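give me a model of this one.
(2 chains)
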Amino acid sequence: MTRVLVIDDEAPIRLLCRVNLEAEGMEVLEAPDGPKGLEQARAAEPDVILLDVMMPGLDGWQVAEQLLEDDKTSSIPIVFLTARAEFRDRARGLDLGGIDYVTKPFNPLELAPLVEDMLKRVGRGERDELRGEKLAELRALMRDE
Amino acid sequence: MTRFFQGAIEAFRRRRVPAATATPPGLAARPEQTALLRAIETLGSELDLDRVLPQLVDQLAELLRADTADYYVYEPSRRTLRCTVVHGLPGELVGFEVDAGTTLASEAIAAGRPVVTTSPPVPHPAYGSLAGAIVAPLVGAEGASGVLGVGRRQGEFTAEDADFLGAFASLAELAIRNAETFAERSRQERVQRGFYRIASVLGQPLSLAATLDAIAQAATEALGGSSAAVLMPRAGVLELVGSHELPDDLTGALANGLPDSAKALAAAAAARRILAASSVADDDRFDPEWRALAARAGAASLLAAPVESPRQGTGGLVLVFFDEPRELTDDDLELAIHLADATGGALERSELFEAERTSRALAQQLARTGSLLATELDPAAVLDEVVQQAPALLGAEACTIRLLAGDELVVQSGAGPGTDGALAARSPSTGRLLGDIVQSRAPIAIDDVAVDNRYAAADPVLAEGYRAFLGVPLIGPERTVHGVLAVYSQQPRAWLPEEIEALSALATNTSAALSNAELYQSVALEKERSFAILANIADGIVAVDRQGHVVLWNAAAELITGIPQADALGRTPLQVLGRTLESDGDSPTGDRLLAIQRGGEDAWLSITEAIMRDPAGIVSGRIFAFRDISADRFVEQMKSDFVSTVSHELRTPLTSIYGFAETLLRQDVQFGDEERETFLRYIASEAERLTGIVDALLNVARLDTGDLHVNISPVDVRPVVSEVVSSADDGGANGHRFVVELPTEPLRAQADPDKLRQIVAQLVDNAVKYSPGGGTVTIAARRKSETVEFSVADEGMGIPQAEQQRIFRKFYRADSPTDGEESRSGTGLGLFIAQGLVTAMGGRIWVESAEGRGSSFAFELPAARARL
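The predicted structure is shown next:
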């Protein structure tokens, strides 16, 4: 069973992720802030982490950095949940080592397929290709703007 | 001359026969021989003619038992006899002259032997009572030189008496000759000493004054005078310039030049003639005044010898005074002529010596003044220095400097008596004297301004009683005349060429120093002005030299960088600011943005750069101008943050609304009622949150446009405050304790209740947000005299002093309690809106806070009058 850790300070959004991912047969863990998220990530070793960027205290960027620095958690794919519309913010997540990003507001029904698809490709060893595709996507968007 | 002396001495030796061995034959048998020989011996040992002659006649009278005896000098050229000495006769007879042809003497001279008579002729009444007489000629190598006579009032002379007189006369002739020769020799020796003296004076270079005194002394000694004076022409009068033993009376009388009463002397000097006055007292060539003066001073005779002033070609005089009446002989005159010649030579030499010495002194003085002036940088001080130095340089008493102003010469500086009043005096640049100097560009020297009274009219300083004037033009670097340097002397004086040259040189120095100083002043002024501009300019200006060291760091640069000038000068910007200022490459690139550290913060500079190059094109320095755009960037940053914040604030509730809506719409999952209700409640509350945010943005927009409407009415504020607190109080979940302090009676304020709620809610929200460690939040409202004051105090992190002014600005957001730039939350509009609302209701809002010790926000609103 796929285990997903959702780190977000907004309770409704955590709930939103939980009900929709559980509906697809995934196990969902929640953390309301960065420190608790890191703790859970090390303890539960989830398959994927959905990480909110704008949180009080430790923000998403910092949580990602710490996850990637820790051998225990560095291989866990990270998907950023961001309300920040600027391209540079999205790019920053990928630069840090995130695999993908989801821009708020999002359709919660699309979360599970995104996670499944991503895990499939990472499982095939296409982690870097995936990141490369997302970065290329972003660049194309930035060029168009 | 030496040969002449030697000849005279030889002659004297030949003639001076000792009396004991020179007894003429025929006297040996006489019984009186011994007495005669003794008498003559006595005479022969006496060398002073003045004493020989009286003794001669006294002895003669005694030997011949005569009542009278006399001695007459015979002058063959005039055939006259002059009485020289008498015995037993009135003294007035001395000097009496008689024609030789009519007397007994001529018979004796003609006969060459004594003549006896019993009826002597009476050439003078004094001889009227004589009964007998003998006259004997004195015959020397050159014939008769005089006669000796004896007379008796009773009794006659015998032939033996005549023989005795003849023998006596022969010996007397020798004695007289002896004494005369000695006198001549003494005179010659004296003359020789005089010549030696003159020669020694000539032999060494003496100052003019010493030479003149030495000439006076030489003249005194050479001519056997008692004193002497040297007079030289100066400005039309003969001035006393040297003296020897000169009596005070004469010194005083000559102090102001040779007086008019001695015009004859001035005439002699002018005509280069010798003037001899044997008896000044009755010499009618002189005015009585001078004669009386001479008598007072004991000057019986005088001899004036002309001397040539080598420099001016005018005549001076050497005056020798004699304290006894003196017949001045040809020898004296010859000596005087020689003296005059010698004096001319000595003067010439000493004047040359003097001129050289003067030139050297002038040159030294000029050099000193020049070096002084070269270092003087204040034009006024240059002028003052010069007017002080110039009189000393030339031995004058006053000095002025006039500078051209338009077509007038204006006195700029002066030194010496009477110049104070002349300061700022103006005279036309085309006028007499001063104008002449300007127009001719040449010096003008006037020895005595009294010769033309227009001079004094031309220069007010001259009118102060100065007599001599020397003016030279001040010629500037471009060869233009820009003023006149003038010195003044209280006595008439001849200006020497080297003095004129010296003053001209000083004028050149002055001009150079003046333009130097003026240049320096204008540069200094320019520099001062530049510094003033740089100091007051709002832009930071920094200049570095070739090595990149800071040479200029203006006040704005201090302000912008926070680094004082003293810490920056001499170091490189890299050392001072931790980064370089110059652009890459050699050409400036226009405006650049640059961040520097200022007190631990980034400060943003907009910087432009100018590159200075030397003639070879090498970079010799750079000038940077920059302004602090941190504030602009701060606003930009705030706006940008606002956009992303608003985006986040809007997107978060939208995510919930949209997400739960989509979730509810899922067909594949059946949610329970409870779940559905939770979803729907989230949709509702998040929609409300969204509305709140939109309201806030609208409020801001209204505040910006002044479009905010408030409905003010008397409101009891207590329920409003309580309501806000109860909705905020989460029962201590986040470690906050709420304390509400309200009066028990209604507390009415003039307020819009909705807006009041909004304000209090914002302040409580902030208090909670910025005290992450929990603590007490105290909310109070109380009545002041005319207002109701609200306060919300926390125990949180507090606000730094520097931030307290900025927190009410739009978009301002404090760093959130935890670290990290991105963790700020809120729109940055809360306090801005709260302030806008308070103001709209006629109140004011403020904060008191200390960093780390919590904040207390307070606002006041007008109190509502009771019972409304």
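
can you pull out the helices in chain A?
Along chain A, counting by DSSP state H, helices occupy A:11-22, A:34-44, A:60-69, A:87-96, A:111-123, A:127-144.

those helices: lowest mean pLDDT?
The minimum mean pLDDT among the helices of chain A belongs to helix A:87-96 (a mean of 78).

could you dump the helices of chain A into a markdown table with mean neighbour count and distance to chain B added?
Backbone N, C-alpha and C define where each C-beta goes, glycine included. Below are those laid out as a markdown table (neighbours: other C-beta atoms under 10 Å in any protein chain shown; distance: least, C-beta to the nearest C-beta, whole Å):
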| stretch | mean neighbour count | distance to chain B |
| --- | --- | --- |
| helix A:11-22 | 21 | 4 |
| helix A:34-44 | 17 | 9 |
| helix A:60-69 | 20 | 6 |
| helix A:87-96 | 18 | 8 |
| helix A:111-123 | 16 | 9 |
| helix A:127-144 | 13 | 16 |
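
so which strand or helix has B:F790?
strand B:787-793 (DSSP states H and E).

re the thing from before, for B:P473, find the nearest of the helices of chain A.
The closest of the helices of chain A to B:P473 is helix A:87-96. By C-beta to C-beta, the value is 80.5 Å.

mind telling me which residue is nearest the centre of chain A?
Nearest to the geometric centre of chain A sits A:V79, at 1.8 Å (C-alpha atoms, centre = their mean).

spit out the contact partners of the residue nearest to it when sequence neighbours are not counted.
Using C-beta to C-beta, 6 or more residues apart in numbering or on different chains and skipping the chain neighbours, the partner closest in space to A:V79 is A:D100 (4.7 Å). Applying C-beta atoms under 8 Å, 6 or more residues apart in numbering or on different chains, we find A:D100 in contact with A:77, A:79-80, A:114, A:118, A:130, A:134.

in stretch B:63-81, what's buried?
Residues of stretch B:63-81 classed as buried: B:63-64, B:66-74, B:81 (neighbour count, 16 or more other C-beta atoms under 10 Å in any protein chain shown).

please identify which pair of the contacts of A:D100 lies farthest apart.
It's A:F80 and A:L130 that sit farthest apart of the contacts of A:D100, by C-beta to C-beta, at 13.7 Å.

got the contact list for the nearest residue to B:L246 once chain neighbours are set aside?
Nearest non-adjacent residue to B:L246, counting by C-beta to C-beta, 6+ apart: B:S227, 4.8 Å away. B:S227 is in contact with B:216, B:220, B:243-247, B:250, B:299, B:320-321, counting by C-beta under 8 Å, 6+ apart.

try 10 Å
When contacts are counted by C-beta atoms under 10 Å, 6 or more residues apart in numbering or on different chains, B:S227 touches B:216-217, B:219-220, B:243-247, B:250-251, B:297-299, B:302, B:319-323.

please produce a ChimeraX select command covering the buried subset of those residues.
Here is the ChimeraX command that selects only those of these that count as buried (16+ other C-beta under 10 Å):
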select /B:216,217,219,220,243,244,246,247,250,297,299,302,319,320,321,322
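
need the contact partners of stretch B:106-113.
B:74, B:76, B:79, B:81, B:98-101, B:103, B:114-117, B:121, B:134-139, B:143-149, B:162-163, B:165-166, B:169.

which among those count as buried?
Using 16+ other C-beta under 10 Å, the buried ones in the contacts of stretch B:106-113 are B:74, B:81, B:98, B:100, B:103, B:114-117, B:121, B:134-139, B:144-149, B:162-163, B:165-166, B:169.

can you pull the contacts of A:R3?
A:R3 touches A:21, A:26-29, A:44-49, A:76, counting by C-beta under 10 Å, 6+ apart.

quick one, which of those residues are buried?
A:21, A:26, A:28-29, A:46-49, A:76.

out of the helices of chain A, the one nearest B:Y455 is which?
The closest of the helices of chain A to B:Y455 is helix A:87-96. By C-beta to C-beta, the value is 94.7 Å.

any idea of the angle that closest one forms with helix A:60-69?
10 degrees (axes from the mean of the first three to the mean of the last three C-alpha atoms, to 10 degrees).

gap between helix A:87-96 and the chain center?
12 Å (C-alpha atoms, centre = their mean, to the nearest Å).

next one: the residue of the stretch 151-300 of chain B found nearest chain A from B:G344, what distance?
Residue of the stretch 151-300 of chain B nearest chain A, by C-beta to the nearest C-beta: B:S207 (100.0 Å). According to C-beta to C-beta, to the nearest Å, B:S207 stands 17 Å off from B:G344.

give me the low-pLDDT residue ranges for the stretch 451-600 of chain B?
Counting by pLDDT under 70, the stretch 451-600 of chain B contains low-confidence residues at B:585-589.

what does it put close to chain A?
Proximity of the stretch 451-600 of chain B to chain A, by C-beta under 10 Å from any C-beta of the partner chain, involves no residues.

more neighbours: B:S207 and B:G344, which one.
B:G344 (17 against 12; other C-beta atoms under 10 Å in any protein chain shown).

let me see the mean pLDDT of the helix or strand containing that one.
B:G344 is part of helix B:330-374, with elements assigned from DSSP H and E. Averaged across helix B:330-374, the pLDDT comes to 77.

for stretch B:447-463, buried residues please.
B:447-449, B:455-456, B:458-463.

swap in stretch B:349-368?
Residues B:349-351, B:353-355, B:358-359, B:362, B:365-366 are the ones in stretch B:349-368 that count as buried (16+ other C-beta under 10 Å).

quick one, phi psi at the closest residue to chain A within the stretch 501-650 of chain B?
Among all residues of the stretch 501-650 of chain B, B:H648 sits closest to chain A, at 4.2 Å; criterion: C-beta to the nearest C-beta. With angles defined as degrees, to the nearest 10, B:H648 sits at phi -60, psi -50.

pretty sure it sits against A:D59.
No: B:H648 lies out of contact with A:D59 (C-beta atoms under 10 Å); the separation is 11.6 Å.

re the thing from before, closest one to B:A595 among the helices of chain A?
Taking C-beta to C-beta, helix A:87-96 is the member of these nearest to B:A595, at 18.7 Å.

hmm, back to that, just the ones of the buried ones among the contacts of A:R3 in strands?
Mapping the buried ones among the contacts of A:R3 onto strands (DSSP state E) picks out A:28-29, A:48-49.

which one among those residues gets closest to chain B?
Distance to chain B, by C-beta to the nearest C-beta, is smallest for A:V28 among these, at 13.6 Å.

look through chain B and tell me its longest strand.
Identified as the longest strand of chain B according to DSSP E is strand B:601-613.

helices or strands next to that strand in the packing?
Under the contact criterion of 3 or more C-beta pairs under 10 Å, 6 or more residues apart in numbering or on different chains; DSSP states H and E, strand B:601-613 touches strand B:540-545, helix B:555-561, strand B:592-598, strand B:619-628, helix B:630-664.

can you confirm B:D213 is in a strand?
No: applying DSSP: H, G, I helix; E, B strand; the rest coil, one finds B:D213 to be helix, outside a strand.

quick check: closest non-adjacent residue to it.
Spatial nearest neighbour of B:D213, chain neighbours left out: B:G242 (4.6 Å); criterion: C-beta to C-beta, 6+ apart.

the strand holding B:F790 pairs with which strands, parallel or anti?
Strands adjacent to strand B:787-793 in the sheet, as given by DSSP bridges, are strand B:775-783 (antiparallel), strand B:855-862 (antiparallel).

would you reformat those as CSV and include mean pLDDT, mean neighbour count and distance to A:D71?
CSV is the format used below for the strands paired with strand B:787-793 (pLDDT from 0 to 100; neighbours: other C-beta atoms under 10 Å in any protein chain shown; distance: least, C-beta to C-beta, whole Å):
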stretch, mean pLDDT, mean neighbour count, distance to A:D71
strand B:775-783, 92, 18, 40
strand B:855-862, 93, 22, 44
